[in-house]
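how would this look folded up:
(one chain, ligands or ions: 1)
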Amino acid sequence: MKRLSLLIPLVALTLLGAGCSSGETTQKTNTTTSSTTTEDVIAIESKAFSFTPKTINAKVGEKVMIDVTANEDHNFTIDELSVAVDTPSGKTTRVEFTPTTAGTFTFYCSLPGHKAAGQFGTLVVE
Ligand SMILES: [Cu+2]
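Residues are numbered from 1 along each chain as shown. A predicted model of the protein is given here:
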């Protein structure tokens, strides 16, 4: 009986030791990079009498998507690219076009006096 009582604590110790060493778990994290194919949408604020931002950039052959939010009735016009979209008050209007040539173009509101008052900006196509 004396031997048994000595053995029990020994067994318990070895079990504890084994438990500690096996406690290490290697965690493998699989990081899958999801390719973001969502095209960029440019947000423009249109008000009397300005566009914000005043300069936007685009690339030749790539579709440009602009969400124009207007506080009053305005429009978004680019003569060279045949863009002329009404942007009603209180709404966000999507304007889409694909520039085919590089250059610097003026976008503006064609309502009488608005461009002259400062409601225009620059589209840079590279
Ligand atoms: Cu306007």
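
contacts and neighbour counts: CA atoms only from here.
Noted.

am I right that His114 falls within a strand?
No - under DSSP: H, G, I helix; E, B strand; the rest coil, His114 sits outside any strand and is assigned coil.

for it, give me its contacts.
Ala48, Phe49 (CA atoms under 8 Å, 6 or more residues apart in numbering).

distance check, it against Ile56.
19 Å (CA to CA, to the nearest Å).

now Glu80: phi and psi?
Torsion angles at Glu80 (phi, psi; degrees, to the nearest 10) stand at phi -60, psi -30.

for this protein, what are the low-confidence residue spans?
Filtered on pLDDT under 70, the chain yields the residue ranges 1-39.

can you name the residues of the chain that neighbour the ion?
Proximity of the chain to the ion, by CA under 5 Å from the ion, involves residues His74, Cys109, His114.

measure Glu126 to the ion for me?
Glu126 sits at a distance of 27 Å from the ion (criterion: CA to the ion, to the nearest Å).

list the contacts of the residue of the chain found nearest the ion.
Nearest to the ion, among the residues of the chain, is His74, at 3.9 Å (CA to the ion). Applying CA under 8 Å, 6+ apart to His74 gives the contacts Ser46, Lys47, Asp86, Thr87, Pro88, Ser89, Cys109, Ser110, Leu111.
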